[in-house]
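1. My questions are about this predicted structure, shown below with the sequence.
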Amino acid sequence: MFQLSKRVEYGLIAIRHMAKGQSGQIFTAKEISERYNLPYDLLAKVMQKLAKRGFISSYQGVRGGYTFSKNPSSMTIASIIDAIEDKPLVALMQCEIEAPENCIIHGMCTIKDPLMKLQGNINKMISEMTVMELVV
């Protein structure tokens, strides 16, 4: 079954939380983890990945934390998934992740084409949907 990883879910929750705040506001991984009951260590790693990819900026110190370095209305869900998982799109079928020759029925598969169409629609949707659409 198609399912986002916990890392992606936590990253989207954090980004959504930040997008609901004031422009330039600084958020800590600790406050977000406590607010949504997310595991701090995993959330901190996700936040570091988002900072490394330039979506958010990290500030050290007593008043440190994270703030957006890009406008959240320009961030797509696909770009967030890519930043966290190092792959921009989702795959419904194993043969789309691996080489076709790794599937013994690839040449005569009867569900490959309709599922690829479905996958294309999902990927198109997450490539167009922005973070701000999570806020409403």
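-> All right, it came through fine.

2. Can you list the residue ranges for strands in the protein?
-> For the chain, applying DSSP state E gives strands covering 56-59, 65-68.

3. Can you say which of those strands is packed in most?
-> strand 65-68 (a mean of 20; mean count of other CB atoms under 10 Å). For the C-beta atoms, the positions are set from N, CA and C on the backbone; glycine is no exception.

4. elements contacting that one?
-> Counting by 3 or more CB pairs under 8 Å, 6 or more residues apart in numbering; DSSP states H and E, the packing neighbours recorded for strand 65-68 are helix 6-19, helix 29-36, helix 40-52, strand 56-59.

5. tally of neighbours for residue 14?
-> Neighbourhood size, residue 14 [other CB atoms under 10 Å]: 25.

6. try residue 103
-> 15.

7. next one: phi and psi at it?
-> Dihedral pair for residue 103: phi -110, psi 120, per degrees, to the nearest 10.

8. can you pull the contacts of it?
-> With CB atoms under 8 Å, 6 or more residues apart in numbering as the criterion, the residues that contact residue 103 are 94-95, 109.
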